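Asks: pasting the sequence and the predicted model now:
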Amino acid sequence: MSIRQITPDVDDSNIDKDYSTESSSRIKNSYIKDSPLISVVIPLYNEEHSIKNVIERIPDHSSYEIIVVDDGSTDKSVKKIEEIKDKDIKIIQHEKNLGYGASILTGFKHATGDIIVTMDSDGQHNPEEIPNLIKPIINEQADFVVGSRYLGSSTYKVPLYARVGEYFINLCLWFLYRQKIRNNQAGFRAFRKKTVKIFKNIKCTGMGFTTELLFKAAHRNLKIIEIPIFLNSREAGISYVNLIRILKSVSFCILFYSMKKFNLDANRLLPKNSLKCVYKRVKHLKFFQ
Ligand SMILES: Nc1nc2c(ncn2[C@@H]2O[C@H](COP(=O)(O)OP(=O)(O)O)[C@@H](O)[C@H]2O)c(=O)[nH]1
Ligand SMILES: [Mg+2]
């Protein structure tokens, strides 16, 4: 086993590495070798009961790079990872809790693979399904793959508020980009490393990240598809999802991308730089968290 604990840097130049073109309508696959390197990025926050099992179940293959971003856990999560034998694991630790999205962005900076997979650390996703998740990318059928609980044989009961929220976000995605993603709050996803630059300026660093990631990808014409996955129920620990926060960040995200899509030049409609001023004022209210 080798565990490398890395202090996160603030330099995000690594995100740009290897990305050749800004306009990313279907990025070509030619660089993906026969055996691509897969970086599995796992955001972690107080999941001492599940994290060890999640990592141990990641396919045991040299082409898998495991990156855990511990987001200031206060329980024994990191100790549990240190107990793991026979796996190389990169652990990056945030000194304090920065949020789900911020952790994934940190993971991107340290990922060296051709394909990046993100999955939860609470045991709801099955690492054995990673090969299925990345298959459409290897076969050049997609740039971005979302594991969908609605398509699989999963018996997981999705709460009503989550169904309604996902239905509404799906409608917005369809209206703006003619793109349907039913399970748009899913955290089990895969995409090409070369697309990562697109996500560099993401503003939602909390749970709203999942929505902004999809809007950004759709805005840049990435080919996004959903494939069936099996979603387990959470067996231990608690969910830190805060509905009000998500609602705020998702609303801002939808508004922001609607304006982008319709090319609304806010500075033409409003007094000069007023949008910048509004943003400065609301920034500290953590709308984007
Ligand atoms: N890095 C990080 N991960 C988080 C945070 N909050 C939740 N997570 C992780 O994100 C994943 C999904 O969160 P969860 O609470 O299970 O959301 P739910 O499945 O939608 O109820 C889990 O693996 C959590 O450990 C956070 O503040 N920072
Ligand atoms: Mg969960």
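Replies: Structure's in. What do you need? Numbering: from 1, shown residues only. Ligands and ions are numbered 1, 2, ... in the order given.
Asks: following the lowest-mean-pLDDT helix or strand in the chain, which helix or strand comes up?
Replies: When each helix and strand of the chain is scored by mean pLDDT, DSSP states H and E, helix 13-16 comes last, with a mean of 45. Next in sequence after helix 13-16, counting helices and strands by DSSP states H and E, comes strand 38-44.
Asks: which helices and strands does the helix or strand following that next one pack with?
Replies: On the C-terminal side of strand 38-44, the closest following helix or strand by DSSP H and E is helix 51-56. On a contact count with 3 or more Cβ pairs under 8 Å, 6 or more residues apart in numbering; DSSP states H and E, helix 51-56 meets strand 38-44, strand 64-70, helix 77-82. C-beta here means a position set from N, CA and C on the backbone, and glycine is covered the same way.
Asks: is ligand 1 contacted by the first one?
Replies: To tie it back to what came earlier, the one meant is strand 38-44. Yes. Using Cβ under 6 Å from any ligand atom, strand 38-44 reaches ligand 1 at Pro43, Leu44.
Asks: for Asn53, give me the pLDDT.
Replies: We note a pLDDT of 95 for Asn53 in this prediction.
Asks: contacting residues for it?
Replies: Gly123 (Cβ atoms under 8 Å, 6 or more residues apart in numbering).
Asks: and what of Pro36?
Replies: Neighbour list for Pro36: Ser63, Gly113, Asp114, Ile115, Ile134, Ile138 [criterion: Cβ under 8 Å, 6+ apart].
Asks: contacting residues for Val40?
Replies: Contact analysis of Val40 by Cβ under 8 Å, 6+ apart lists Ile58, Tyr64, Glu65, Ile66, Ile67, Val117, Thr118, Met119, Pro127, Ile130.
Asks: and with 7 Å instead?
Replies: Ile58, Tyr64, Glu65, Ile66, Ile67, Val117, Met119, Ile130 (Cβ atoms under 7 Å, 6 or more residues apart in numbering).
Asks: pLDDT on the helix or strand hosting the last one, on average?
Replies: Just to be clear, that refers to Ile130. Taking DSSP H and E as the definition, one finds Ile130 inside helix 130-138. Averaged over helix 130-138, pLDDT sits at 95.
Asks: now do stretch 200-216
Replies: For stretch 200-216, the per-residue pLDDT averages 92.
Asks: CA-only coordinates of that stretch in CSV, if you can.
Replies: Written as CSV, here are the backbone C-alpha positions of stretch 200-216 (Å, rounded to 0.1, in the frame of the first residue of the first chain):
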residue,chain,number,x,y,z
LYS,A,200,-12.4,25.3,-14.1
ASN,A,201,-14.5,28.3,-13.3
ILE,A,202,-17.4,26.5,-11.7
LYS,A,203,-19.0,28.7,-9.1
CYS,A,204,-21.1,26.2,-7.2
THR,A,205,-18.6,24.6,-4.8
GLY,A,206,-21.2,22.8,-2.7
MET,A,207,-23.8,20.4,-3.7
GLY,A,208,-25.0,22.7,-6.5
PHE,A,209,-21.8,21.7,-8.3
THR,A,210,-23.5,18.6,-9.8
THR,A,211,-26.1,20.8,-11.5
GLU,A,212,-23.6,23.4,-12.7
LEU,A,213,-21.3,20.6,-14.1
LEU,A,214,-24.1,19.4,-16.3
PHE,A,215,-25.2,22.9,-17.5
LYS,A,216,-21.5,23.7,-18.3
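Asks: for the stretch 151-289 of the chain, which segments count as strands?
Replies: 189-192, 224-228 (DSSP state E, counting those that start in this stretch).
Asks: for ligand 2, find the nearest of the ones you listed.
Replies: Ligand 2 lies closest, by Cβ to the ion, to one member of the strands of the stretch 151-289 of the chain: strand 189-192, at 14.1 Å.
Asks: got a list of contacts for that closest one?
Replies: Strand 189-192 has contacts (Cβ under 7 Å, 6+ apart) with 27, 115-118, 133-134, 137, 143-147.
Asks: what does this protein put close to ligand 1?
Replies: Taking Cβ under 6 Å from any ligand atom as the measure of proximity, the chain contacts ligand 1 at 43-45, 47, 69, 71, 97, 99-100, 103, 120-122, 124, 187, 234, 239-241.
Asks: drop anything exposed from the residues you listed.
Replies: For the residues of the chain next to ligand 1, a burial check counting by 16 or more other Cβ atoms under 10 Å picks out 43-45, 47, 69, 71, 97, 99-100, 103, 120-122, 124, 187, 234.
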